[in-house]
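**Q** Give me the fold of what follows.
(2 chains)
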Amino acid sequence: MFMDLVAIALLAGVLGLDVVSFPQIMISRPIVGATLGGLFFGAPFAGMVCGAALECLALEALPVGASRYPEWGSASVVAGAVGSLGANVGALPRPGAFAVAVAIGIATAWVGGLTMVGHRQLIARFARPRLDRLAAGDMHAVMTLQLFGMTADFVRAATLGVLAYLPARFFALWCDAHWTVNAPISRAFVVTCVAAVAASAIWKDFHAISGTRRLFLASLTAGTILVAMGA
Amino acid sequence: MPETTIPPAVVPTPGDPPTPSLGTLAQATIFMRCLAIQGSWNYEQLIGNGIAFCIEPALRQLPGGVDGEAYREALARQSKYFNSHPYLASIAVGALARIEIEGVAPSRIERFRTALCGPLGSVGDRLVWASWLPACSLVGLLLFGVGWSPLWVVSGFLIVYNSGHLWLRVWGFRSGWKNGMRVAVSLGHPVLQHGPRYIGRISAVLGGLALPFAVHRGIGGGEPFTTVPIGVAVFTPLLAVLLVRLPARVQGWLAVLILLAALVLYSVIG
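**A** Residues are numbered from 1 along each chain as shown, chains lettered A, B, ... in the order given. Sure thing, here's the model as predicted:
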């Protein structure tokens, strides 16, 4: 269990760091983070399914400018790890674990967004006593501030990952043991919810570009027909 | 998002000096540092300190090196408040590094620096956060939907996204360095000007194709003409229409969280 927590902390820390601080190569996106979380617990496919669900939700919240947005990096690791509980390699997540993983992923991302605000305020507080040195062109002050910000971000995300994973793991196991809703219906419920958010996000995101809504509807129809034909 | 206007102060002017040289090691160091440009992002300086952090290797070329007055003055100037999209900030890093090396008057550098903030922020937000990222996200969902393995879905998404991301950073720095104060040339690049429109259209197609496949795989695949897939095909658009009609302040993920909490409660207690 201790080693699990160490791994969650490291993974959540690195992916949380990727959201804003370094290097923004989008390993923090849910479809990557949750797959990695699931991979660590031996069920990458279950993690990926949770990641795809969260990716649908992440389409809605674009990380534009200084706005507050959910922090999907550490949240995805937690969701992937929770979703992989009880699942085998190549198997879908268990119904209870899937629903709880997606819910915990959303909640952790929301809390993560709040911690990012706190992190930015912390850097500003750390910078204030050093403003004179920055104004004097002190290279060490520039480096110190940069390193402090990144270290604090890593610690923030790692701590969030561990604090979210610990209760979520036990809650998901308990829920799964007491789950009464039929597995296919339970999965369908979760997938319907997230797909609806993705569809509404696409509809709203690209409305300013002429013709995009017609293209979306046409390709949605084509995609549905292809799935119905078993393509 | 609003159309970007290029400030008159940065429009090309004739008789600009030739491009100065910058060593490969310095370029590589600046590129690596650009990946951490938001490392000290805060509500007071925004990425100001990050700009100084990225430009610092180039400033070592100033007379007197790291112990010189010119180096300290330039570093002090560059650590002040600055706002930009993190990827397009590389244009600013290149341009500001060049004009510092060329010894442009400090007041002119400061005016130029202030003028850069708006365009680089809005162009980057439109191109990357509102277009490229969602498009690549939909590519990831499509790869998932058509049955790729976890390794290939993750690799596919990261390769597609970062081919654009890293190109933008490298091109941005080179273009900024090459053009210096003539940053309008960089901002006039067709990808920056027209990219969001084309990527938006491609995203709409990708989204329409990705969703049915991803949904089908997410529910476990199987025969499409059975109760569960048909139910999903009926209820998903209905819920999507409801979400579109909800006030903008109501976030879809919050609605999903409430619905999932209800499902969990019903299933374990009901």
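
**Q** what helix or strand is the closest residue to residue A:122 other than its chain neighbours on?
**A** Spatial nearest neighbour of residue A:122, chain neighbours left out: residue A:152 (6.0 Å); criterion: CB to CB, 6 or more residues apart in numbering or on different chains. C-beta here means a position set from N, CA and C on the backbone, and glycine is covered the same way. Using DSSP states H and E, residue A:152 maps to helix A:139-177.

**Q** Would you mind pulling up the elements that that helix packs against?
**A** helix A:2-20, helix A:72-83, helix A:95-127, helix A:131-135, helix B:48-59, helix B:252-269 (3 or more CB pairs under 8 Å, 6 or more residues apart in numbering or on different chains; DSSP states H and E).

**Q** ok, which stretches of the stretch 1-150 of chain B are helices?
**A** B:24-34, B:48-59, B:69-78, B:89-101, B:106-124, B:133-145, B:150-179 (DSSP state H, counting those that start in this stretch).

**Q** Quick check: buried residues in the second one?
**A** In this case it means helix B:48-59. Within helix B:48-59, the residues scored as buried using 16 or more other CB atoms under 10 Å in any protein chain shown are B:48, B:49, B:50, B:51, B:52, B:53, B:54, B:55, B:56, B:57, B:58, B:59.

**Q** Next: stretch B:148-158.
**A** B:148, B:150, B:153, B:154, B:156, B:157, B:158.

**Q** Can I get the helices and strands packed on helix A:139-177 in CSV including distance to residue A:173 and mean pLDDT?
**A** Converted to CSV, these look like this (distance: least, CB to CB, whole Å; pLDDT from 0 to 100):
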stretch, distance to residue A:173, mean pLDDT
helix A:2-20, 13, 96
helix A:72-83, 9, 98
helix A:95-127, 8, 97
helix A:131-135, 50, 97
helix B:48-59, 43, 97
helix B:252-269, 12, 95
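
**Q** Least confident secondary structure element in chain B?
**A** In chain B, no helix or strand scores lower on mean pLDDT, DSSP states H and E than helix B:183-187, which sits at a mean of 91.

**Q** helix or strand right after that one?
**A** helix B:190-218.

**Q** now that next one, how far from the centre of its chain.
**A** 17 Å (CA atoms, centre = their mean, to the nearest Å).

**Q** what angle separates it from helix B:89-101?
**A** Angle between the axes of helix B:190-218 and helix B:89-101 is 150 degrees (criterion: axes from the mean of the first three to the mean of the last three CA atoms, to 10 degrees).

**Q** Please name every helix or strand in contact with helix B:190-218.
**A** So helix B:190-218, by 3+ CB pairs under 8 Å, 6+ apart, packs with helix A:44-58, helix A:183-205, helix A:212-228, helix B:133-145, helix B:227-245.

**Q** again, only using 10 Å
**A** Helices and strands touching helix B:190-218, by 3 or more CB pairs under 10 Å, 6 or more residues apart in numbering or on different chains; DSSP states H and E, are helix A:44-58, helix A:183-205, helix A:212-228, helix B:106-124, helix B:133-145, helix B:150-179, helix B:227-245.

**Q** what about the least confident helix or strand of chain B, distance to the chain center?
**A** For helix B:183-187, the distance to the chain centre is 17 Å (CA atoms, centre = their mean).

**Q** And the helix holding residue A:152, what's buried?
**A** So for helix A:139-177, counting by 16+ other CB under 10 Å, buried means A:139, A:141-142, A:144-146, A:148-150, A:152-154, A:156-165, A:168-169, A:171-173, A:175-176.

**Q** now do stretch A:34-54
**A** So, applying 16+ other CB under 10 Å, buried residues of stretch A:34-54: A:34-41, A:43-54.

**Q** can you check stretch A:219-231 too?
**A** A:219, A:220, A:223, A:224, A:227.

**Q** filter the residues you listed down to the ones near chain B?
**A** Among the buried residues of stretch A:219-231, the residues that sit close to chain B (CB under 10 Å from any CB of the partner chain) are A:219, A:220, A:223, A:224, A:227.

**Q** ok, now which ones touch the first one?
**A** Yep, that's residue A:219 we're talking about. B:204, B:205, B:206, B:207, B:208, B:209, B:210, B:211, B:212 (CB atoms under 10 Å, 6 or more residues apart in numbering or on different chains).

**Q** repeat for the fourth one
**A** For residue A:224, the contacting residues are B:208, B:209, B:211, B:212, B:213, B:215, B:216, B:224, B:233, B:237, taking CB under 10 Å, 6+ apart as the criterion.

**Q** before we move on, back to that, out of the helices of the stretch 1-150 of chain B, nearest to residue A:24?
**A** Among those, helix B:150-179 comes nearest to residue A:24, with 7.4 Å by CB to CB.

**Q** Any part of that closest one near chain A?
**A** Yes - shown here: helix B:150-179 in contact with chain A (CB under 10 Å from any CB) through B:150-151, B:153-158, B:161-162, B:165-166, B:169.

**Q** Buried ones in that helix, by neighbour count?
**A** Buried residues in helix B:150-179 (16+ other CB under 10 Å): B:150, B:153-154, B:156-158, B:160-162, B:164-165, B:168-169, B:171-177, B:179.

**Q** Read off the pLDDT value for the residue of the stretch 151-270 of chain B found nearest chain A.
**A** Scanning the stretch 151-270 of chain B for the residue nearest chain A gives residue B:208, at 2.8 Å (criterion: CB to the nearest CB). You'll see residue B:208 listed with a pLDDT of 97.

**Q** Who are the contact partners of it?
**A** So residue B:208 contacts A:199, A:202, A:215-224, B:138 (CB under 10 Å, 6+ apart).

**Q** quick revisit: any idea which of the buried residues of stretch A:219-231 is the one closest to residue B:130?
**A** residue A:219 (19.5 Å).

**Q** For the chain, give me the ranges with low pLDDT.
**A** Since no chain was named, I'll use chain A. Along chain A, segments meeting pLDDT under 70 span A:65-66, A:231.

**Q** that's the wrong chain, I meant chain B
**A** Using pLDDT under 70, chain B drops low at B:1-17.

**Q** at 90 instead, please
**A** Across chain B, the ranges flagged by pLDDT under 90 are B:1-21, B:117-118, B:184, B:222, B:246-251, B:269-270.

**Q** Keep only the buried residues of helix B:48-59 that also lie close to chain A.
**A** B:48, B:49, B:50, B:51, B:52, B:53, B:54, B:55, B:56, B:59.

**Q** now the residues you listed in a markdown table, with distance to residue B:131?
**A** Below are those laid out as a markdown table (distance: CB to CB, whole Å):
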| residue | distance to residue B:131 |
| --- | --- |
| B:48 | 27 |
| B:49 | 28 |
| B:50 | 23 |
| B:51 | 25 |
| B:52 | 30 |
| B:53 | 28 |
| B:54 | 25 |
| B:55 | 28 |
| B:56 | 32 |
| B:59 | 34 |
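
**Q** ok, residues contacting stretch B:217-232?
**A** A:48-50, A:52-53, A:56, A:91-92, A:98, A:182-192, A:194-196, A:224, A:227-230, B:141, B:144-148, B:212, B:215-216, B:233.

**Q** if we go to 8 Å?
**A** Stretch B:217-232 is contacted by residues A:49, A:52-53, A:92, A:184-185, A:187-188, A:190-192, A:195, A:227-228, A:230, B:144-145, B:147, B:215-216 when judged by CB atoms under 8 Å, 6 or more residues apart in numbering or on different chains.

**Q** buried residues in that stretch?
**A** B:217, B:218, B:219, B:220, B:224, B:228, B:229, B:231, B:232.

**Q** now do the same end-to-end measure for it.
**A** 12 Å (CA to CA, to the nearest Å).

**Q** Thanks again, I'm all set now.
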